[in-house]
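*Asks:* Here's my sequence, what's the structure:
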Amino acid sequence: MKKNINGFFTFPELINEISARFVAFGVLLISVPSLILIINENRFAYILLFCLAYGFLARVSSGPKVSPLALFVTKVLVPKLNKREILVPGPPKRFAQGVGLLFSTFTIIFFFLDLNLISVMLLSILIVFASLEAFVGFCAGCKAFKILMNIGLIPENVCEKCANYQF
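*Replies:* Numbers count the residues shown, from 1 in each chain. This is a model prediction of the structure:
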């Protein structure tokens with residue numbers, strides 16, 4: 001039983017870049033309305049913010065297995081596109097999802113504390129980086145991961161494929 005649980009909480013070694021970009025676009029579809037609701041001090045923002053944070057948590061903990069957005073993208077949307085997979089290392093994408101989890105969680109906390117300006121700033125930063133991933137294919141979290149590997153804060157054995165990969 002323990003092996004099954006440990007296997008569930010794994011992240012893929014390789015990620016389809018096309019799927020990652022569509023997931024980032026899905027993050028935008030949740031984040032932009034959330035931002036509008038926060039600016040208007042509408043408490044319905046909590047619903048979208050919790051969905052956003054849950055999605056990041058689900059993807060960080062176990063890849064696309066329990067993320068409705070990632071499941072839709074990987075099982076329905078991308079297969080219908082009939083595009084060749086572009087495989088990239090998974091650990092940097094997991095790191096990027098972790099950064100998204102931090103930003104979305106702190107957005108909720110600051111919104112709860114009625115520090116809406118801070119929430120707007122955090123969510124705006126998340127929107128900028130999700131837009132870069134979705135529209136340009138630039139993963140800032142992946143770049144940060146590579147820098148942290150280069151300076152030794154992330155051991156190379158975390159992602160051996162990353163050592164030779166150009167982000």
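
*Asks:* backbone phi and psi for residue 162, please?
*Replies:* When read as degrees, to the nearest 10, the backbone of residue 162 gives phi -70, psi -30.

*Asks:* I'd assumed residue 148 was in contact with it.
*Replies:* No. Applying CB atoms under 8 Å as the test, residue 162 and residue 148 come out as separate, 10.3 Å apart. Bear in mind the C-beta positions are built from the backbone N, C-alpha and C, glycine included.

*Asks:* More neighbours: which of these two?
*Replies:* residue 162 (21 against 15; other CB atoms under 10 Å).

*Asks:* tell me the contacts of the residue most central in space within the chain?
*Replies:* Centroid-nearest residue in the chain, with CA atoms, centre = their mean: residue 97, separated by 3.1 Å. Residues counted as contacts of residue 97 (CB atoms under 8 Å, 6 or more residues apart in numbering) are 56, 59, 60, 141.

*Asks:* Sketch out the low-pLDDT regions of this structure for me.
*Replies:* 1-7, 166-167 (pLDDT under 70).

*Asks:* so where do the strands sit in it?
*Replies:* Assigned by DSSP state E, the chain shows strands spanning 14-16, 87-89.

*Asks:* do you know which of these lies nearest residue 105?
*Replies:* Nearest of the strands of the chain to residue 105, taken as CB to CB: strand 14-16 at 22.5 Å.

*Asks:* hang on, residue 132 packs against residue 142?
*Replies:* No. The pair residue 132 / residue 142 is not scored as a contact, 10.8 Å apart, by CB under 8 Å.

*Asks:* Just want to know which of those two has more residues nearby.
*Replies:* Legend: neighbour count by other CB under 10 Å for residue 132 and residue 142, higher for residue 142 (21 against 14).

*Asks:* roughly how far apart are that one and residue 124?
*Replies:* 21 Å (CB to CB, to the nearest Å).

*Asks:* hang on, the earlier thing: pipe the strands of the chain into a markdown table and attach mean neighbour count per row.
*Replies:* Formatted as a markdown table, these follow (neighbours: other CB atoms under 10 Å):
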| stretch | mean neighbour count |
| --- | --- |
| strand 14-16 | 19 |
| strand 87-89 | 19 |
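
*Asks:* Nothing else from me, thank you.
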